[in-house]
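1. Curious how this folds, go ahead:
(one chain, ligands or ions: 1)
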Amino acid sequence: MNFTTGSSEDELLSLDNIRSTLIRLEDTIIFALIERSQFAWNQKIYEKGAFEELKVLGFEGSWLGWFLFETESFHAKARRYTSPDEHPFTPIQKLPQPIIAMQSFPSLLHPQSAAHPSTNANSRILDFYVNKIVLAITKRVKISKGSTDRDDGNYGSSATRDVEVLQALSRRIHFGMFVSESKFRGAPHKFIPHILAQPPNTEALAGLITKPAVEAALLVRLGNKAEIYGQELDPQGKLRKSPGEATESGSSGHAETRLDTAEVVALYRDWVIPLTKDVEVGKLAQCHI
Ligand SMILES: C=C(O[C@@H]1C=C(C(=O)O)C=C[C@H]1O)C(=O)O
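-> Predicted coordinates:
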């Protein structure tokens with residue numbers, strides 16, 4: 001979704017348009033995970049204070065935290081975080097101001113939405129990614145024959161890919177704000193009583209925004225994408241076959257798919273969808289008063 005082209009508010013907040021962006025982000029996230037899965041776990045890059053070199057620079061966080069800070073500082077100068085669909089992992093007050101004038105965006109969201117803490121899920125996104133996802137998607141990386149080490153020393157490459165995955169996950173999950181705005185505008189009378197309840201009835205709001213059929217279709221589509229995108233071609237450009245079957249070129253065996261399909265489905269089922277719904281409910285409950 002591009003907020004600056006000539007689309008009208010109605011077009012931008014059409015649920016079909018929003019969902020098409022979410023579907024497109026599935027591809028971005030899967031390929032970003034494939035890129036990260038080339039490298040070992042490299043747990044050291046997630047540990048705060050593990051690099052003395054960063055302390056010399058005055059940075060007390062982890063290697064990944066440093067990559068996020070430096071990357072987001074550069075992007076902030078290019079006004080990335082003035083866009084309503086972008087949320088930095090670094091506290092915004094630590095980032096520099098844009099060096100170019102802000103773009104004008106249509107007022108799609110309730111004024112309080114963007115700033116309200118309840119709608120920023122990045123700390124939870126970082127936590128589940130570092131503690132649940134990275135190990136799962138890098139478990140197949142073979143460091144060297146017989147080695148059990150999960151560290152290949154590719155700290156820069158690993159963190160660069162981590163930032164790309166995190167930015168895509170953050171954009172996808174925070175798109176929940178536009179989803180809930182679209183649903184609210186479609187039937188405000190259904191939402192308002194639960195928003196005005198003291199405290200807001202978040203369980204009822206969650207029931208209103210949840211669409212089981214959409215979620216079920218997503219998980220099937222996602223598994224198929226991960227299966228297809230994760231396959232590798234042999235030197236002759238032919239899809240490698242499943243375990244044990246000889247490939248057309250006559251060589252036996254196969255290259256494993258680059259990602260465990262079940263892990264990708266679990267990522268969405270257990271984390272991405274629930275957090276997206278938390279953002280939807282949080283925005284309605286906190287920002288539509
Ligand atoms: C995003 C939506 O809202 C909810 C969250 C979904 C998700 O995170 O994929 C899918 C369906 C809904 O339960 C939607 O309705 O499309």
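2. Could you use CA atoms for every contact and neighbour count after this?
-> Noted.
3. Buried residues of stretch 81-92, list them for me.
-> 81-90 (16 or more other C-alpha atoms under 10 Å).
4. Return the subset of the residues you listed lying in helices.
-> Among the buried residues of stretch 81-92, none falls in helices (DSSP state H).
5. Distance to the ligand and pLDDT added to the residues you listed, as a markdown table?
-> Output for the buried residues of stretch 81-92, formatted as a markdown table (distance: C-alpha to the nearest ligand atom, whole Å; pLDDT from 0 to 100):
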| residue | distance to the ligand | pLDDT |
| --- | --- | --- |
| 81 | 22 | 94 |
| 82 | 23 | 93 |
| 83 | 20 | 92 |
| 84 | 17 | 90 |
| 85 | 14 | 92 |
| 86 | 17 | 94 |
| 87 | 17 | 96 |
| 88 | 20 | 97 |
| 89 | 20 | 97 |
| 90 | 24 | 96 |
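6. Which single residue of the stretch 1-150 of the chain approaches the ligand most closely?
-> Nearest residue of the stretch 1-150 of the chain to the ligand (C-alpha to the nearest ligand atom) works out as residue 19 at 5.5 Å.
7. same thing with the stretch 101-250 of the chain?
-> Per C-alpha to the nearest ligand atom, residue 210 is where the stretch 101-250 of the chain lies closest to the ligand, at 3.5 Å.
8. Is the helix or strand where residue 219 lies positioned near the ligand?
-> Element membership for residue 219 (DSSP states H and E) is helix 212-229. Yes. Contact between helix 212-229 and the ligand, assessed by C-alpha under 6 Å from any ligand atom, occurs at 212, 214-215.
9. For that helix, name the packing helices and strands.
-> With contacts defined as 3 or more C-alpha pairs under 8 Å, 6 or more residues apart in numbering; DSSP states H and E, helix 212-229 has these neighbours: helix 15-36, helix 261-267.
10. and the last one, average pLDDT?
-> This points to helix 261-267. Per-region confidence: helix 261-267 scores 96 on mean pLDDT.
11. what residues does that helix touch?
-> Outside helix 261-267, the residues that touch it by C-alpha atoms under 8 Å, 6 or more residues apart in numbering are 30, 133, 136-137, 219, 222-223, 226-227.
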